[in-house]
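Participant: sequence and predicted structure below; questions after.
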Amino acid sequence: MDLTPDTDQIALQTATGDWCRTNMPLNGARDRPVGLWRDLESMGWTEMTAPGMDIDHATEALVFAELGRYLAPVALLSSAVATRWANPAPKTALALAAGNGIRIFDGEGATEALGLFGKFPGLIKLGNDAEMKPSLDLSTGLIRLTTSPTVNAIDHPHAALHLQLLSAAFAVGCADAACEMAADYAKLRQQFERPIGWFQALKHICSDMAVRAAVARSQLYFAACALDASEADAAFHVAAAKRLADQAALENGRANIQVHGGIGMTDEAVPHLCLKRAHLLQFIAPVENRMLLGDVA
C-alpha cells in the first residue's frame, strides 16, 4: 500500500488550498458569499465523487482536509456521499438525528438531506417552509424538524464509512487551521518585548497542537488507502481516523483560544470558529467504542 500522494494528488490539493484562501477565507466563515455554493459546483467539488469520475478515497481525503481547513460548507460532506451512493439533488444538506427530532445543517437551497439513521445513511426530503436559524457553528444555518420524515436508506456498507472518512478529513483540516492560527499569533503577539512564541509554555502548546494534527492526518491517509484497497480492517482504520481527527480538532480549537489569550475569548476574534466547527463535526457519524475495541459484529 503506497501512502505517498502522487503529483496529481498534490497538484489538486494545492489548487484547492489556493482557491479557498482567495474565495473562502476562514475569517469570513460566519458571512459566506451568497453564490458560494454555485462557485463550489463550478470548481467540481460537489460532484468529484460521482461514479465515473474515478476519484479514489485517498484523493478525496486530501481535498476535503484542505476544504476543512477553511471551514467549507458542511453540505459538501453529505453531497459527496449522496453523489457517490445515491441519486442526489444539486445540493444535499446534512441531517443529524436528535432525541426530539432531526437537525438539518446547511439546508439553504437544498431539497433533501443526508444523515446517519441507524447503521446506514439515508436521504430525507425537505420542504420549502422550514425556518433557518443560526447554529452553534456560525458558518452554517440550522433547521429543526420535529416530525419524523420518511428515510430512504442507502443500503451500501461503504456509504457510512465514506461519511465518516470525509468528516474526519474536515476535522483534520480544522485541527490544522487552529494549529496554524495559534502559531501565527504566537509569532506576532509580543509581551515583555518578545514574541509570545519565544516562551517555553507557548512553545509546548503549539508543539502539542502540531503533533495532534500530524497524527490525525497520518491515520486519515492510511484509512483512506485501506478503504481503497478493500482491506478487511478498513472499517477499524476509518473509525480510528474519525476518533483521532475529532479529538485533534477539539483540543487544538481549545488550545488556539488559550494561545490567543483575552482576545481569543471574544466573539469578534476568529479562534472560536474552529472550536465550534469541531464540536459540530464530532456529531457526524460518531464512532462507537466497540469499533475501536475490535468488536465489529
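Facilitator: Alright, I've got the coordinates. Numbers count the residues shown, from 1 in each chain.
Participant: which residues sit in contact with the spatially closest residue to residue 164 that is not a sequence neighbour?
Facilitator: In space, and not counting its chain neighbours, residue 164 is closest to residue 285: 4.4 Å by CB to CB, 6 or more residues apart in numbering. Using the backbone N, CA and C atoms, a C-beta is placed for each residue, glycine as well. Residues in contact with residue 285, defined by CB atoms under 8 Å, 6 or more residues apart in numbering, are 116, 160, 163-164, 167, 242.
Participant: most neighbours among these, please name it.
Facilitator: The most crowded member of the contacts of residue 285, judged by other CB atoms under 10 Å, is residue 242 (31 neighbours).
Participant: how about the secondary structure of the residue nearest the centre of the chain?
Facilitator: Closest residue to the average C-alpha location of the chain: residue 170 at 2.2 Å, with CA atoms, centre = their mean. With DSSP: H, G, I helix; E, B strand; the rest coil as the basis, residue 170 sits in helix.
Participant: distance check, it against residue 133.
Facilitator: Relative to residue 133, residue 170 is positioned 22 Å away (CB to CB, to the nearest Å).
Participant: for burial, what's the neighbour tally of residue 146?
Facilitator: A count of nearby residues for residue 146, using other CB under 10 Å, gives 8.
Participant: any idea of the pLDDT on it?
Facilitator: pLDDT recorded at residue 146 is 79.
Participant: can you check residue 214 too?
Facilitator: So residue 214 comes in at 97 (pLDDT).
Participant: where do the strands sit along the stretch 1-150 of the chain?
Facilitator: For the stretch 1-150 of the chain, applying DSSP state E, counting those that start in this stretch gives strands covering 92-98, 101-105, 112-117, 120-125, 133-134, 141-145.
Participant: where does pLDDT dip in the chain?
Facilitator: 1-2, 88, 129-130, 190, 195-198, 294-297 (pLDDT under 70).
Participant: hey, where'd the helices end up in it?
Facilitator: 7-23, 36-43, 57-69, 75-85, 157-188, 200-228, 234-264, 271-281, 289-292 (DSSP state H).
Participant: of all these, which lies closest to residue 94?
Facilitator: Shortest distance between residue 94 and these, using CB to CB, is found for helix 75-85: 4.3 Å.
Participant: could you check how far stretch 89-109 is from the centre of its chain?
Facilitator: On the basis of CA atoms, centre = their mean, to the nearest Å, stretch 89-109 sits 15 Å off its chain's mean C-alpha point.
Participant: outline the domain layout of the protein.
Facilitator: Annotated domains of the chain cover 7-82, 91-153, 157-292 [automatic domain parsing].
Participant: deepest of the ones you listed, which one?
Facilitator: Of all the domains of the chain, domain 157-292 has the most neighbours on average by mean count of other CB atoms under 10 Å, namely a mean of 20.
Participant: any idea how far the closest residue to residue 251 other than its chain neighbours lies from residue 182?
Facilitator: Leaving aside its chain neighbours, residue 251 sits nearest to residue 212 (6.0 Å; criterion: CB to CB, 6+ apart). With distances taken as CB to CB, residue 212 is found 12 Å from residue 182.
Participant: identify the contacts common to the two.
Facilitator: residue 252.
Participant: let me see the contact set for residue 261.
Facilitator: For residue 261, the set of contacting residues under the criterion of CB under 8 Å, 6+ apart consists of residue 189.
Participant: for the remainder of this discussion, apply numbering that starts at 3.
Facilitator: Yep, numbering from 3; the last one is residue 263 now.
Participant: do you know how far the nearest residue to residue 265 once chain neighbours are set aside is from residue 224?
Facilitator: Spatially, and ignoring its direct neighbours in sequence, residue 265 is nearest to residue 271 (5.1 Å; CB to CB, 6+ apart). Residue 271 sits 35 Å away from residue 224, going by CB to CB.
Participant: again with residue 96
Facilitator: Applying CB to CB, the value for residue 96 to residue 224 is 26 Å.
Participant: same check on residue 206?
Facilitator: From residue 206 across to residue 224, the span is 27 Å (CB to CB).
Participant: and residue 247, by the same measure?
Facilitator: Distance check for residue 247 against residue 224: by CB to CB, it reads 12 Å.
Participant: likewise for residue 283?
Facilitator: For residue 283, the distance to residue 224 equals 19 Å [CB to CB].
Participant: what's the answer for residue 127, then?
Facilitator: Separation of residue 127 from residue 224 (CB to CB) stands at 37 Å.
Participant: likewise residue 169?
Facilitator: Distance from residue 169 to residue 224, counting by CB to CB: 17 Å.
Participant: take the contacts of residue 287 and lay them out in TSV including distance to residue 7.
Facilitator: Written out in TSV, the entries for the contacts of residue 287 read as follows (distance: CB to CB, whole Å):
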residue	distance to residue 7
118	29
162	25
165	22
166	21
169	21
244	21
